[in-house]
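>>> Sharing a sequence plus its predicted fold:
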Amino acid sequence: MAAPQFSPLDVNPETGELFLRLPHPHATIILTPPRTRDAEPIVDIMNDPAVYPFLGRPKMPYLLEAAVALVAENKHASDAVIKALEDAAPDAFAEDCPVSSIREVLPDGTEVYIGSIRVKRCNWWEVQGAQRVRLMEQNAGRATGDPETVWQVSDYVASSHHRRGIMTAVLRTFLDQWAIPRMGVRHLHVSVFTGNEGSVRVFEKTGFVLVDTLENCIEIRGEMRGLHVMDWHHSGYSAALVSCLFLRS
Ligand SMILES: CC(C)(COP(=O)(O)OP(=O)(O)OC[C@H]1O[C@@H](n2cnc3c(N)ncnc32)[C@H](O)[C@@H]1OP(=O)(O)O)[C@@H](O)C(=O)NCCC(=O)NCCS
């Protein structure tokens, strides 16, 4: 078991690396910090036509240098939150999650990189101009653990592992085990390209509600795309209730 600051993450006794194991029936899936050698499988996943059309960020073709930069960015975020938690009280909120790489553990113990999940402060892809800047600035100004912070999810899994219930289990576990108790996440706001039925279904199954669909609202790789906008609120949490309790205290 990891130090209390990292609860409920586990520690690999051989490598000292933090990890989070999914519950049955997905116990062969673990989340770990990013590793430098994830870059090569990421190149394959990002160039897969079953994956990249549904992601906004990758430039095509997706080159190794882009994957190396992505892993470095995610590793930096993981290292930063580990460092912050090492120096923090056991019940302190975290700004991020140390584990974001999804791996399948094979019977011989080999760990195969199969995807990624990050929960970060929301950047309102569907909103344009000054309004977007204002929303992002307001959100960035909130303290770590502030229940009014709005978060977003970015995730993908290799097409070899699609439709096995993996991302639904990863997202539920990530929210229940880390984002809700350790980051204080109470409100998630995501946008999903229209046509991405799998992602909409994963979010619906996790309790997200479709709030809007905007056609031709964002240009991605030279093409206008539509977005489904979906929201999730932690059950029992309402901003009005929190303000009320805050005013009374
Ligand atoms: C979207 C994605 C993360 C789903 O992951 P997954 O592990 O395959 O999803 P699950 O197996 O947990 O499926 C959850 C539900 O979605 C359905 N589903 C999954 N893929 C689907 C698809 N392509 N079309 C229709 N339904 C789909 C499943 O049948 C399941 O529904 P059910 O339980 O009612 O039968 C995965 O397809 C992916 O990585 N896609 C490319 C990148 C991406 O879209 N990322 C999200 C960006 S917002």
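Arrived safely, thanks for sending.
>>> near the ligand, which residues of this structure show up?
51, 54-55, 155-157, 162-168, 192, 196-199, 201-202, 205 (C-beta under 6 Å from any ligand atom). For every residue, glycine as well, the C-beta is placed using N, CA and C.
>>> Just the buried ones out of those residues, please.
With burial judged by 16 or more other C-beta atoms under 10 Å, the buried subset of the residues of the chain next to the ligand is 51, 55, 155-157, 166-168, 192, 196, 198-199, 202.
>>> could you dump these to CSV with secondary structure and pLDDT?
Output for these, formatted as CSV (DSSP: H, G, I helix; E, B strand; the rest coil; pLDDT from 0 to 100):
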residue, secondary structure, pLDDT
Val51, coil, 98
Leu55, coil, 97
Asp155, strand, 98
Tyr156, strand, 98
Val157, strand, 98
Ile166, helix, 98
Met167, helix, 98
Thr168, helix, 98
Val192, strand, 98
Asn196, coil, 98
Gly198, helix, 98
Ser199, helix, 98
Val202, helix, 98
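>>> For the nearest residue to Thr194 once chain neighbours are set aside, give its distance to Val51.
With C-beta to C-beta, 6 or more residues apart in numbering as the criterion, Thr194 has its nearest non-adjacent residue at 3.6 Å, and that residue is Gly226. To Val51, Gly226 is 19 Å away according to C-beta to C-beta, to the nearest Å.
>>> quick one: low-confidence parts of the protein?
Within the chain, the stretches with pLDDT under 70 are 236-249.
>>> Relative to the ligand, which residue of it is the closest?
Gly198 (2.5 Å; C-beta to the nearest ligand atom).
>>> my guess is that residue meets His161, correct?
No. Using C-beta atoms under 8 Å as the test, Gly198 is too far from His161 to be in contact (11.9 Å).
>>> anything in contact with each of those two?
The contact sets of Gly198 and His161 do not overlap (C-beta atoms under 8 Å, 6 or more residues apart in numbering).
>>> For the residue nearest to Thr194, which three-state class applies?
strand (DSSP: H, G, I helix; E, B strand; the rest coil).
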